[in-house]
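S.K.: structure for the following, please:
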Amino acid sequence: MNKLIFLFLILIGLFQLSSCESGIVYENYRDFADKKWYADSTVKFTFEVIDTSKSYHLFYNVRHTIAYPYYNLYVKHSLYSSGKEAKWQRQDGNLMHPTTGRPLGQGSSDLYDCRFTLFENYKFDKLGKYTFEIRQDMRLDTLPEILAIGFRLEHSE
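M.R.: Predicted coordinates for the structure are as follows:
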C-alpha cells in the first residue's frame, strides 16, 4: 500500500512540473562568450506566431554573475514583423536590490537569472514571423558580467 501511495505522489509531482511550463511558445538564449555585452551588439530572436486568437506574455531574461558592477540595467528593445519598421523602447530593470545589493531573480552562488516583462496579454495582429531585438543602453561600451540574454513568449491563459 505504501508503494502505491508513493508512486501516486510521484505521478502527481511530475504532472505538476510538466503543467507549469506548458504555456511556453518560444524560449531561447544567446550567450556572450566573454561575459561582456558590447554596446554595438544587438541580440535578435525570431519566432513564429501561428495563433492570433490567443493573448501572450512576452519577457526578456538576463543571466549575469554576482560580480555585475551595477544594480540596474538599461536596455532598448523592439518587436516587429517583416515589413514593419522597428520601434525602439527603453526599459530599466533592476538586477540587484538598490540598497542592499542582493541579487534579484533566481539563482544561487554567483549566477542569477532575472526575468523582465515586456508585454502582458499581448495580441498579435497577424500570423507570421516576428523578431524581438534587444541591446544594452548603459553608458559603457562594454557591459561586464552579463552571460546571456533570453527571450520568452508564452500563452497568457
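S.K.: partner strands of the helix or strand encompassing residue 27 and their direction?
M.R.: According to DSSP states H and E, residue 27 maps onto strand 24-31. Here strand 24-31 has these sheet partners by DSSP bridges: strand 146-155 (antiparallel).
S.K.: name the residues that touch the strand it pairs with?
M.R.: 23-32, 35-37, 43, 45, 47, 54-65, 68, 111, 113, 115, 132, 134, 136 (C-beta atoms under 8 Å, 6 or more residues apart in numbering). (Glycine included, C-beta is placed from N, CA and C.)
S.K.: which secondary element of the protein has the worst mean pLDDT?
M.R.: helix 2-20 (a mean of 47; mean pLDDT, DSSP states H and E).
S.K.: quick check, residue 132 in contact with residue 56.
M.R.: No - with contact defined as C-beta atoms under 8 Å, residue 132 does not count as touching residue 56 (11.8 Å).
S.K.: strands along this structure, start to end?
M.R.: 24-31, 36-38, 43-49, 56-65, 72-81, 89-94, 106-108, 111-122, 128-136, 142-144, 146-155 (DSSP state E).
S.K.: how about low-confidence regions in the protein?
M.R.: Applying pLDDT under 70 to the chain flags residues 1-22, 85-86.
S.K.: now with 80?
M.R.: Scanning the chain with the threshold set as pLDDT under 80 gives 1-22, 82-88, 90-92, 94-105, 108, 157.
S.K.: what residues are up against residue 120?
M.R.: Applying C-beta under 8 Å, 6+ apart, the residues near residue 120 are 57, 156.
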